[in-house]
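Engineer: Here is the input, now give the coordinates:
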Amino acid sequence: MSKRELLIVGAGEFGQMAAEYFNMDSSWNVVGFAVEREWLGEERCVGLPVVALDDAVQRFPPEKCDVFVAVTYAHMNCERERLCDVVKGMGYRLANYVSPRAFVGAGAEIEPGSMIMEMSSIQRGARIGCGAVVWPGCTIAHGSSVGDFCWIAPGVTVAGLTVIGSHSFVGVGAAVGDCLKIATRSLIGAGAAVTHNVDESGQAWAGNPVRCLGEEVYERFAG
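Structural biologist: Numbers count the residues shown, from 1 in each chain. A predicted model of the protein is given here:
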């Protein structure tokens, strides 16, 4: 059976990596990249055409092609959300990627536009939200939820029945305890140990146990 075509929105490092993942072991075949016109530069990326996003429907019609938005955590993942809304408005369907070398348990929900990389474990009953990115070697334990448009860096462990609010960033190697709630748009630093609820949205946290670093640190990262 022939693969369905896939357009990658974003031609930077993450976009190129996403194309490699999808081409290597998914049911899609990457046919090109799209960027907003102000970022249009090189005509080709890793051998594939790059087009302005507002011209994409002529070159890659939605009835033949799906889209994956490969934009990083800029502005606490809001750029990725905005572009997902743009392409859905253009008639495209969001693709998601789940590595065949990841584990996905019974009843786990993987929403459109998300990406789960190799050696990650999404245990039974867990949810990965729309547009969320889970990097290699993560554990999202039973019944936990990663909200829409989160960015979960490599080696993160989220214990069972915990809720990570939408648009949050969890840094490399962080550990989040069980039955906790992390507010939306939270920034959890690398190696942090979250042992209590994080109730206030839009704050940066780091350390073991985590402590709030204040709005200035958060704004430097999110700005």
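Engineer: Look through the chain and tell me its longest strand.
Structural biologist: What stands out as the longest strand in the chain, according to DSSP state E, is strand 28-35.
Engineer: Going by contacts, tell me the helices and strands next to that strand.
Structural biologist: On a contact count with 3 or more CB pairs under 8 Å, 6 or more residues apart in numbering; DSSP states H and E, strand 28-35 meets strand 4-9, helix 13-25, strand 48-52, strand 65-69. C-beta: built from backbone N, CA, C; applies to glycine.
Engineer: how about 7 Å then?
Structural biologist: Of the remaining helices and strands, those touching strand 28-35 by 3 or more CB pairs under 7 Å, 6 or more residues apart in numbering; DSSP states H and E are strand 4-9, helix 13-25, strand 48-52.
Engineer: export those to CSV and tack on mean pLDDT and mean neighbour count?
Structural biologist: Conversion of those to CSV gives the following (pLDDT from 0 to 100; neighbours: other CB atoms under 10 Å):
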stretch, mean pLDDT, mean neighbour count
strand 4-9, 97, 22
helix 13-25, 97, 17
strand 48-52, 98, 17
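Engineer: Tell me which of these lies nearest to residue 205.
Structural biologist: helix 13-25 (24.4 Å; CB to CB).
Engineer: Skip the chain neighbours and tell me the closest residue to residue 169.
Structural biologist: For residue 169, the nearest residue in space outside its immediate sequence neighbours is residue 151; the separation is 4.8 Å by CB to CB, 6 or more residues apart in numbering.
Engineer: next one: residue 66
Structural biologist: With CB to CB, 6+ apart as the criterion, residue 66 has its nearest non-adjacent residue at 4.3 Å, and that residue is residue 95.
Engineer: now do residue 3
Structural biologist: Distances taken as CB to CB, 6+ apart put residue 29 closest to residue 3, at 4.1 Å, once the chain neighbours are dropped.
Engineer: got the contact list for the residue nearest to residue 169?
Structural biologist: Contacts of residue 151 were listed using CB atoms under 7 Å, 6 or more residues apart in numbering, and they are 73, 77, 133, 169.
Engineer: And the buried ones among these, selectable in ChimeraX?
Structural biologist: Command for ChimeraX, covering only those of the contacts of residue 151 found buried under the criterion 16 or more other CB atoms under 10 Å:
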select :73,77,133,169
